[in-house]
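[1] Sharing a sequence plus its predicted fold:
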Amino acid sequence: MMMKLRLVKDWRQWWRWHSTKALVLLGLLPTIWLEMPTDMKAMIPAHWLQIVSFVVMLLGMLSRITRQKAPNDTTTPTDSESSNNTHQG
């Protein structure tokens, strides 16, 4: 059984979505930690990386399920459209 990939109607606005920003930050956190100078790392407890990662992940999930304010230059989707195939977070 093969799933068909369908883009949401407002896919061109992906860069405005808070959930996308949270995912990008979540992906960058390990790189930021690895590239940080050793003396700076020594001042920050190592388990904070896990805590910050979890918080960013949680914020990303919450922003994914909450309605975001529509940008001024686009029309607001109707309720039936937003529940079917538009991005919410």
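    Yep, that arrived.
[2] residue nearest the centroid of the chain?
    Ser19 (2.4 Å; C-alpha atoms, centre = their mean).
[3] Work out for me the element it sits within.
    helix 18-35 (DSSP states H and E).
[4] buried set for that helix?
    Buried positions in helix 18-35, judged by neighbour count with 16 or more other C-beta atoms under 10 Å: 19-23, 25-26, 29, 33. C-betas here are computed from N, CA, C, even on glycine.
[5] got the contact list for that helix?
    Applying C-beta atoms under 8 Å, 6 or more residues apart in numbering, the contact partners of helix 18-35 are 14, 41, 49, 52-53, 56-57, 59-61, 63-64, 68, 87, 89.
[6] Helices along this protein, start to end?
    18-35, 38-43, 47-65, 79-85 (DSSP state H).
[7] The ones you listed into JSON lines, with extra columns for distance to Asn72?
    Putting the helices of the chain into JSON lines (distance: least, C-beta to C-beta, whole Å) gives the following:
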{"stretch": "helix 18-35", "distance to Asn72": "17"}
{"stretch": "helix 38-43", "distance to Asn72": "40"}
{"stretch": "helix 47-65", "distance to Asn72": "20"}
{"stretch": "helix 79-85", "distance to Asn72": "18"}
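[8] Indicate which one of those is closest to Leu7.
    Leu7 lies closest to helix 79-85 among those, at 8.4 Å (C-beta to C-beta).
[9] residue at max distance from the center of the protein?
    Asp39 (30.1 Å).
[10] separation between that one and Leu59?
    Distance of Asp39 to Leu59, computed by C-beta to C-beta, to the nearest Å: 29 Å.
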